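Q: Generate a structure from the sequence data that follows.
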Amino acid sequence: MGVLLFSCLASANAQRMPQDNWYYGTKFGSAGSGDGQFNGAWGVAVGTNDYLFVADTGNHRIQVFTRDGTFVRKWGGGGSGNGQFSSPRAIAIGTNQLVYVADLSNNRIQVFDQQGVYLRQWACPTPVGVAINRQNGLVHVADNANRQVKVFADDGAGTLVREWGETGSMPGKFEDIRGVAVGLGGRVYVADSRALQVFDKEGRYIQEILPPGYFAGSTGFYCVSTTEDGLVLASQDYDSQRNNPVMLSTVYAFYVLDQDLSILMMIERTSINAVAGAPGGTLYLAHYEHAIHPLRRTFRSLQDTVIPLPSILSVSQRPGTTFVDIDYEIADADTPNLAVGVLAFSGGINSLNSLLRLETFVEGTATNLGASVTANEPHRLTWNAAADWSVDYGEAKIRILATDSPDLLDHLFIHMPSDGTNSALSIARDPVTQYDMLHCWFWLVATNDTGVSLSSGSLYGVGGAHDGQLLASGTTTTPEGRAFLFERMGLREATSAELTRMRHGTSGVVNQWDPRNTVGPGIHPRKINEWGFDTGDWGSDGWWIVKP
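A: Below you'll find the model as predicted:
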């Protein structure tokens, strides 16, 4: 048997199963040329000591801030000399902690230390994006003039290692290249006016996604970035329709995706020029409105903003064996020991149909799974793939899952007192979705839960009231499966009368406001009432839970 693992993803849905939730922090910046002001913030990166580096394009300079938005320093100014800029368009921090700036109109990449001391430069036509491969330090540049991705070694001369791309509207070609990012395994993500495309580290095309709502005349994706734990961040462009309010909701939005471009979260009507991820999960969004807006990753309850962030360091098959070494680490600033599980997905598809249960570990590495695994240090799993996977040759995506809570899901519960007719009610603000439940099943399988049995892409109950019942299949949870999960959490599904009562609040009508905190997958428009309750009609896409 031979097994090829082509992709390794540290799950973005790996905390309380799942925890892909964010809320806006306090933004900083305004239009202008003073310290802390911007004339178009078109690039942002996170450096050492968590400092933020911002390419202030129209002011031809770089500004540096603490993560709370306090101005630290600046450098640059208009011109073509060393350390000067003409429309710096993008910025990246290298593995050597140096600062790489795409100096757009000067057709070059400039390199600085984090104090702003000029070090070197090399020529590159119209660089609109720059990104660093975290494994080898190679510098990737989006060359808009030639519709290419160029890869350089920072060897002092900026030696060209490889390049790919040409003008065209077919996969692997570019119409109007806007940005570039490098993710896990060296995958290269390119934002283009037509699509967001993915390539391997050698430049071979893998896949693409068109922006939702794509139509003739839409201008596609504008920026792209990645995080250390495998998220892909992208904004849908809005330039061609910026002055047309009728089209705004259609042509611009911000997306969080997994490395295979499945959408985890979408924020509509959000015009983002650039985005960067920081340790701990916070995203920093450079807005068209001349401001930096933190988007903090948090539990849905909003009580804890420090969540476990798994990262797979490497996956490799030992030559001549069926042993696969999986090296991983989980960052968590406030919890020293975590519960950890592992899964594989054949073909890289996130579905129970392709899920592989990893059970056979050798060389004592099974101790690096379970209820008490140390955070913030590397661990190894050595999987005997032949024992768990009866194929001669296959492709699989490895996913590490981790949690610092015994709960499958956490929720922000709203407590409505008795009104004399109806009893007091504790109900979750937001619904549970098929997306939520799918990742609950992933966690139960990853931790070898004895209450479920996986067979041919379907999960069945084992023992108790749900013995033998079909709980989930593929990506869909059955009504019996919902009941199973809610009972496991000590909750029950809300009745239609309870939902009507919560939507009407205390006024008897459905008042609606935009929420102060945006959490959850974000695919549906969010409106809340005076109780903070999500009043949206989720139809068959969401179910509310209550405390009995």
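Q: in the stretch 301-450 of the chain, which spans are strands?
A: 309-317, 323-331, 337-346, 355-357, 370-374, 379-384, 395-403, 413-416, 425-428, 432-433 (DSSP state E, counting those that start in this stretch).
Q: tell me what the fifth one is packed against?
A: Going back to what we said before, that points to strand 370-374. On a contact count with 3 or more C-beta pairs under 8 Å, 6 or more residues apart in numbering; DSSP states H and E, strand 370-374 meets strand 337-346. (C-beta placed from N, C-alpha, C; glycine too.)
Q: mind checking how far W531 is from R429?
A: Per C-beta to C-beta, to the nearest Å, W531 is found 8 Å from R429.
Q: what ranges of the stretch 151-300 of the chain fall below the confidence cut-off?
A: 212-219, 237-251, 268-269, 298-300 (pLDDT under 70).
Q: Would you mind finding the most buried of the strands of the stretch 301-450 of the chain?
A: strand 395-403 (a mean of 25; mean count of other C-beta atoms under 10 Å).
Q: which secondary structure elements does it contact?
A: Using 3+ C-beta pairs under 8 Å, 6+ apart: strand 395-403 touches strand 4-10, strand 309-317, strand 323-331, strand 337-346, helix 434-446.
Q: Could you export those as TSV, including mean pLDDT?
A: Putting those into TSV (pLDDT from 0 to 100) gives the following:
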stretch	mean pLDDT
strand 4-10	40
strand 309-317	84
strand 323-331	91
strand 337-346	91
helix 434-446	91
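Q: Tell me which residue lies farthest from the centre of this protein.
A: G420 (45.5 Å; C-alpha atoms, centre = their mean).
Q: quick one on the thing from earlier: please enumerate the shared neighbours of W531 and R429.
A: I414 (C-beta atoms under 8 Å, 6 or more residues apart in numbering).
Q: ok, now which ones touch the most centrally placed residue in the chain?
A: For the chain, L231 is the residue whose C-alpha lies nearest the centre (C-alpha atoms, centre = their mean; 3.0 Å). Residues counted as contacts of L231 (C-beta under 8 Å, 6+ apart) are A12, V256, L257, D258, Q259, L264, G277.
Q: among those residues, who's most crowded?
A: A12 (27 neighbours; other C-beta atoms under 10 Å).
Q: pLDDT at it, what is it?
A: Looking at A12, its pLDDT stands at 35.
Q: how long is stretch 151-170 from one end to the other?
A: 22 Å (C-alpha to C-alpha, to the nearest Å).
Q: let me fix that: stretch 415-430
A: With C-alpha to C-alpha, one end of stretch 415-430 sits 13 Å from the other.
Q: got a list of contacts for it?
A: 300, 411-414, 494, 498, 501-502, 519-520, 528, 531-534, 542, 544-547.
Q: Save the helices and strands packed on strand 395-403 as a markdown table, and put in distance to I62 too.
A: Converted to a markdown table, the helices and strands packed on strand 395-403 look like this (distance: least, C-beta to C-beta, whole Å):
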| stretch | distance to I62 |
| --- | --- |
| strand 4-10 | 31 |
| strand 309-317 | 27 |
| strand 323-331 | 27 |
| strand 337-346 | 37 |
| helix 434-446 | 39 |
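Q: sorry, back to before: select from the contacts of stretch 415-430 every entry located in helices.
A: E498, R501, M502 (DSSP state H).
Q: show me what contacts the second one?
A: This points to R501. M416, N422, L425.
Q: What segments of the stretch 1-150 of the chain are helices?
A: Read by DSSP state H, counting those that start in this stretch, the stretch 1-150 of the chain holds no helices at all.
Q: And stretch 67-83, what's buried?
A: R67, G69, K74, W75, G76, G83 (16 or more other C-beta atoms under 10 Å).
Q: Go through the contacts of L231 and name the one nearest D449.
A: Nearest to D449 among the contacts of L231 is A12, at 21.4 Å by C-beta to C-beta.
Q: tell me the contacts of D143?
A: Per C-beta under 8 Å, 6+ apart, neighbours of D143: C124, P125, T126, P127, V128, V149, K150, E163, G165, I177.
Q: Before we move on, what's the pLDDT of it?
A: On pLDDT, D143 comes in at 97.
Q: and the gap between it and V101?
A: D143 is 15 Å from V101, by C-beta to C-beta.
Q: cool, and P279?
A: Taking C-beta to C-beta, one finds P279 at 22 Å from V101.
Q: got it, and E377?
A: 34 Å.
Q: Comparing these two, which residue is more hemmed in?
A: Neighbour tally, E377 and V101, criterion other C-beta under 10 Å: the higher count belongs to V101, 28 against 8.
Q: Go ahead and confirm the more buried one touches T57.
A: No. Counting by C-beta atoms under 8 Å, V101 stays clear of T57, with 10.6 Å between them.
Q: joint contacts of these two?
A: G43, P88.
Q: since we're on the nearest residue to N146 once chain neighbours are set aside, how many residues are nearby?
A: Nearest residue to N146, sequence neighbours excluded (C-beta to C-beta, 6 or more residues apart in numbering): P125, at 6.0 Å. By the criterion of other C-beta under 10 Å, P125 has 14 neighbours.
Q: now P125: how far from G78?
A: 20 Å.
Q: what's the answer for G129, then?
A: Distance from G129 to G78, by C-beta to C-beta: 21 Å.
Q: before we move on, what about Q469?
A: From Q469 to G78 the distance is 69 Å (C-beta to C-beta).
Q: Now do the phi/psi pair for G281.
A: phi 100, psi -10 (degrees, to the nearest 10).
Q: hang on, it packs against L295?
A: No. Using C-beta under 8 Å, G281 makes no contact with L295, being 9.4 Å away.
Q: Spit out the residues that contact the two alike.
A: Counting by C-beta under 8 Å, 6+ apart, no residue touches both G281 and L295.
Q: Where does pLDDT dip in the stretch 401-548 of the chain?
A: Using pLDDT under 70, the stretch 401-548 of the chain drops low at 506-507, 513-526.
Q: ok, now with 80
A: 410, 505-532, 536-537, 539 (pLDDT under 80).
Q: What distance do you get for the closest residue to N133 other than its chain neighbours to A339?
A: Spatial nearest neighbour of N133, chain neighbours left out: V182 (4.6 Å); criterion: C-beta to C-beta, 6+ apart. Separation of V182 from A339 (C-beta to C-beta): 31 Å.
Q: so how far is stretch 160-168 off the chain centroid?
A: 27 Å (C-alpha atoms, centre = their mean, to the nearest Å).
Q: mind listing the helices for the stretch 201-350 of the chain?
A: Using DSSP H, counting those that start in this stretch, helices in the stretch 201-350 of the chain cover 248-251.
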